[in-house]
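Asks: Provided below are the primary sequence and the corresponding predicted coordinates.
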Amino acid sequence: GLARTGTHAGSPQEPRAQTTAMTAPLLLLSLHACATAPPLLTRRHPGGVLEVRLNRPSKLNALSSEMVDGLREAVVAAREEGASGLLLTASGDRAFCAGGDIRQVAAMPPQQRRDFLRREYSLMIELFALRDSVPVVALADGLIFGAGAGLFMAAETRIASAPSSLAMPECALGIVPDVGATDYLRSCLEGGIGQWASLTGGRFSSDAMAAGGLCTHVYERRPLSGSAQLAASRLVSVLGMFAAPTKPSASPGSARSLRRATLPRRCRRRPAERPVEI
């Protein structure tokens, strides 16, 4: 309780004390809700679109073992239940997914680490194969790194916000690009750009992603009154707009356009096509 010494009924200090007393439990309840929030959220929208949202914004939506298993279950559900589309989104605006949860994996015994990587790689293959029967769309806002890049690139339609960037930062440590990166860095990027990224872990801006075919659409982020949930619901309502990728502003894999886009001080030009506002 709060002591209210030196006050009397009608005192201007009394309502303030009551407000403080009421706020403390609400704050504790809010913190508890954040701590117990599920790391993966699924929702089936009207029309049959299955949305799967990565929900660890404080951890940059890094993939945990639980999330990998949940994503694999969502892929099976989308295929077997006849979903009209699978939409991958993420909470927060700092990262779509910054990769695997390194701290969790490091704490595992060696056999569990190998099992985690096996399940993670299987997820990417299953998600890519799902495209043959169900449209798969990824909406990214922020960092698209490591295993997050694998998730993003497994989608058929890949939408990135203008501030987004994609990279395989583990390559800077001498780790061979995984989660499909050896394929898409080679097939999408020509002129030695893919090799450069594989050796350095270099980061691609949204300009470079569009120029190289790493994303199919770029949209300008604008203030919304309702955070990620509203953005995702708006995307679902206009999902038909992204059914067929638009013609990129530069030929995919054009070495000249990619070099221009990846040079640090020359990334200011947006694709000629007008960005989509969500």
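Replies: Good, I have the coordinates.

Asks: Isn't I193 up against L214?
Replies: No. The criterion here is Cβ atoms under 8 Å, and I193 misses it with L214 at 10.4 Å. C-beta: built from backbone N, CA, C; applies to glycine.

Asks: Need the three-state assignment for Q104.
Replies: Following DSSP: H, G, I helix; E, B strand; the rest coil, Q104 is assigned to helix.

Asks: Tell me, how many residues neighbour the closest residue in space to it that isn't next to it in sequence?
Replies: Setting aside the residues directly before and after it, Q104 is nearest to S64 in space (Cβ to Cβ, 6 or more residues apart in numbering), at 5.5 Å. Residues within reach of S64, counting by other Cβ atoms under 10 Å, total 20.

Asks: Now do the contacts for S64.
Replies: For S64, the contacting residues are 39, 56, 101, 104, by Cβ atoms under 8 Å, 6 or more residues apart in numbering.

Asks: Ok, L54 next?
Replies: 39-40, 61, 63, 67, 88-91, 96-97.

Asks: give me the beta-bridge partners of it?
Replies: Residues found in beta-bridge contact with L54 (criterion: DSSP bridges) are L40, A90.

Asks: any idea how far it is from L199?
Replies: 28 Å (Cβ to Cβ, to the nearest Å).

Asks: Same check on C215?
Replies: Using Cβ to Cβ, we find C215 at a distance of 22 Å from L199.

Asks: between these two, who's got more neighbours?
Replies: Legend: neighbour count by other Cβ under 10 Å for C215 and L199, higher for C215 (30 against 13).

Asks: For this protein, just list every one of the strands.
Replies: In the chain, the strands defined using DSSP state E lie at 40-44, 49-54, 85-90, 95-97, 136-140, 143-145, 157-161, 165-167, 204-205, 217-220, 276-277.
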